[in-house]
Structure formats: structure tokens, C-alpha cells
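J.: for reference, the sequence and a predicted model appear below.
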Amino acid sequence: MPIKTLKALSAAALMGLASMANANLIENGDFEAAPTGSPSPSGPNWGVYQTLPGEWETYSGAGIELQTNAVVTAHSGSNYVELDSHSNGGGSTNSVMYQTLTDLIIGNFYDLSFWYRPRTNNGSNDNGIDVLWTGDTSNFLSPLSIANQVSSDYNDWVEYTAILEATNATMYLGFAATGLDNTLGGFIDTVSLTDRPVPTPGSSALLGLGLVGLYFARRRKQH
């Protein structure tokens, strides 16, 4: 086989490996796949569901409120989620949703990214979103970090990122509304989790301190 052909095949193989490494492990991370019978995709509409396509499930609370360009414009596509959800039956409106991730490599690190936007301007305890990462659902309500802002400070979508370690082959990634139970909370959209085979030098110090998963940053606003 000609050397040029071998080089081309090698380059293609490397590109394929890079693509696999950067593939989003979250299904329906932008929430564009809506449940059967959900409101018109043109919006503005909303509905509360116990599950969403892509294996998103309700862990507790009223359910997952899926909005279609209702209160704000989605970060990507037309849909986004609010977890301080409307409840017809009373009880807690603050809800927890999660997705089960299987076949992870124990000890590997993963890059989490999601976009957050506060809804209200009622102070520092109304738009909270906890991020949950565990291999055991009995320990599911131990948050890693919190996004909790007010709309006057962040009147746009903001990206949050984290480095997470797989401690089991099956892990659970969850999001939880915190703060006032008033059906008005923070929005989330465009969730992704990608493989990080080798920790960066900047994260190595965090690993030594046992702070993997607590390294959160508001990276950038949407332009």
C-alpha cells in the first residue's frame, strides 16, 4: 500500500478516535427530543413530565418542567428545563432529575458542561441548581457544586464546567433545584459529558487534594 495512503488512513483513524473521545455521553442533553404528546415544538409552551427521552428520570419532586422558548429563548434549539417545576398536586416543586451512565471506565475523568440561566431576581436563594454525581443513588443528594445567581446579574446563559471522576462503571448524573419552592427557578440547557483520558496539569493538584468534581467554573456567557 502506498505510503501516502497509509498516512491518510492513519490520520483518518486518529480523527475517528478523537471523535469517539469527544462524543457526548449524555443522551438528549439539549432536551430537543420531547415526550409524546408534549406541547407544540414551535412554542412558547411548557409541560411537566416524570421522564424525558434520553433516559432523563425524575428522582424526587414534581417532575421535569420542559419549556419551549417560553420564559426565555433556549440556549440551543427550542427546549430547556426548569426544575423548580409546576405542581398540580402540592408538595415540593423543587425537583431532581438524573440520567444513568453505563460502561464508564473506573478511574477515568470526564468533562461536564452545562448552560445555566437564572429566572428570578428574588435574592440569592431562588434559582439554585445543584449538580449530583455518584455511583450510588442512596447518596444522590450530596451535591458537587451549585449554580445560584439572580437574573439582574446574569440575564443570559452562562456555561458551567467540571471535571468528574468515574468511581464506578455505572454513574448517575443529576441536577436538582434548590431554594424557594415557588415554581420559579434556574434554567438548564445543553448538557454534555465527554471523556477526558488524561488529567490536565491544572487538574492534577485538585486530584491530589481529593477535589475532583468540585472544580466548577463559570466559563463564559452566551454571545
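T.: Noted; the coordinates are in hand.
J.: strands paired with the helix or strand where Asp195 lies, and their directions?
T.: Secondary structure assignment for Asp195, by DSSP states H and E: strand 187-196. Sheet pairing for strand 187-196, assigned by DSSP bridges, gives strand 79-82 (antiparallel), strand 109-117 (antiparallel).
J.: among those strands, which is the most enclosed?
T.: Scoring the strands paired with strand 187-196 by mean neighbour count under mean count of other CB atoms under 10 Å gives strand 79-82 as the most buried, with a mean of 27. Just so you know, the C-beta spots here come from the backbone N, C-alpha and C atoms, and that holds for glycine as well.
J.: tell me the helix or strand right after that one.
T.: According to DSSP H and E, the helix or strand after strand 79-82 is strand 96-101.
J.: send me that following strand as PDB with only the CA atoms.
T.: Below are the C-alpha coordinates for strand 96-101, written out as PDB (Å, rounded to 0.1, in the frame of the first residue of the first chain):
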ATOM      1  CA  VAL A  96     -34.300  16.300  40.900                       C
ATOM      2  CA  MET A  97     -33.700  14.700  37.600                       C
ATOM      3  CA  TYR A  98     -30.900  12.300  36.600                       C
ATOM      4  CA  GLN A  99     -29.500  10.200  33.800                       C
ATOM      5  CA  THR A 100     -27.800   6.800  34.200                       C
ATOM      6  CA  LEU A 101     -24.400   6.400  32.500                       C
END
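J.: what's it packed up against?
T.: For strand 96-101, the packing partners by 3 or more CB pairs under 8 Å, 6 or more residues apart in numbering; DSSP states H and E come out as strand 56-60, strand 171-178.
J.: most tightly packed of those?
T.: Most buried of these, by mean neighbour count (mean count of other CB under 10 Å): strand 171-178, with a mean of 23.
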